[in-house]
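Enquirer: What follows is a predicted protein model with its sequence.
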Amino acid sequence: MDIQPIRTDADYQRALARISAIMDATYGTPEGAELDALATLVEAYETRNHFIDAADPIEAIKFRMEQMGLDRKDLEPFIGSRGRVSEVLSGKRPLSLNMIRRLNRGLGIPAEVLIRDPADIIA
């Protein structure tokens, strides 16, 4: 086992390739220990170098709709009338606190994603 720090994207790519090669390693074996160590190093590197901004609230709703096979009509219990659903999904109307609560409870979309102002999202 030759584990090196991950300092560059090339180091990162090598670590990912090695993780892929030993993904099925058994816990308690030398390869299992190597997999655990590499995963820890990759996670630390990604945290430092691959910042992912939180999702846009409307995109999060659309993504959840796609995941669950929902259409706009299915959002009416959470958002309101067909017109209101259309206004929200087109960005013409902001989500209200009650809509956020219902979407969070009913569709499991994290509230912290839903309360983001789309104007504050880094493109």
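Expert: Good, I have the coordinates. Numbering: from 1, shown residues only.

Enquirer: so which strand or helix has residue 33?
Expert: Secondary structure from DSSP states H and E places residue 33 in helix 30-49.

Enquirer: And the residue nearest to residue 63 when sequence neighbours are not counted, how far from residue 92?
Expert: Nearest residue to residue 63, sequence neighbours excluded (Cβ to Cβ, 6 or more residues apart in numbering): residue 55, at 7.4 Å. The C-beta positions use only the backbone N, C-alpha and C, and glycine is treated the same way. Relative to residue 92, residue 55 is positioned 19 Å away (Cβ to Cβ, to the nearest Å).

Enquirer: Which one of these two is surrounded by more residues?
Expert: residue 55 (18 against 9; other Cβ atoms under 10 Å).

Enquirer: mind listing what the more buried one touches?
Expert: 63, 113, 116 (Cβ atoms under 8 Å, 6 or more residues apart in numbering).

Enquirer: which one of those residues has the most neighbours?
Expert: Most surrounded of the contacts of residue 55: other Cβ under 10 Å gives residue 113, at 19 neighbours.

Enquirer: Please tell me how far that one sits from residue 71.
Expert: 21 Å.

Enquirer: how much space between residue 77 and residue 30?
Expert: For residue 77, the distance to residue 30 - Cβ to Cβ - is 54 Å.

Enquirer: State the mean pLDDT of stretch 79-87.
Expert: Taken as a whole, stretch 79-87 carries a mean pLDDT of 97.

Enquirer: Could I have the CA atoms of it written out in CSV?
Expert: Extracted in CSV, the C-alpha atoms of stretch 79-87 (Å, rounded to 0.1, in the frame of the first residue of the first chain):
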residue,chain,number,x,y,z
ILE,A,79,-48.0,25.2,-4.0
GLY,A,80,-51.6,26.0,-4.9
SER,A,81,-53.6,26.4,-8.1
ARG,A,82,-52.4,25.5,-11.5
GLY,A,83,-51.7,29.1,-12.2
ARG,A,84,-49.7,29.5,-9.0
VAL,A,85,-47.7,26.4,-9.8
SER,A,86,-46.9,27.9,-13.2
GLU,A,87,-45.9,31.2,-11.8
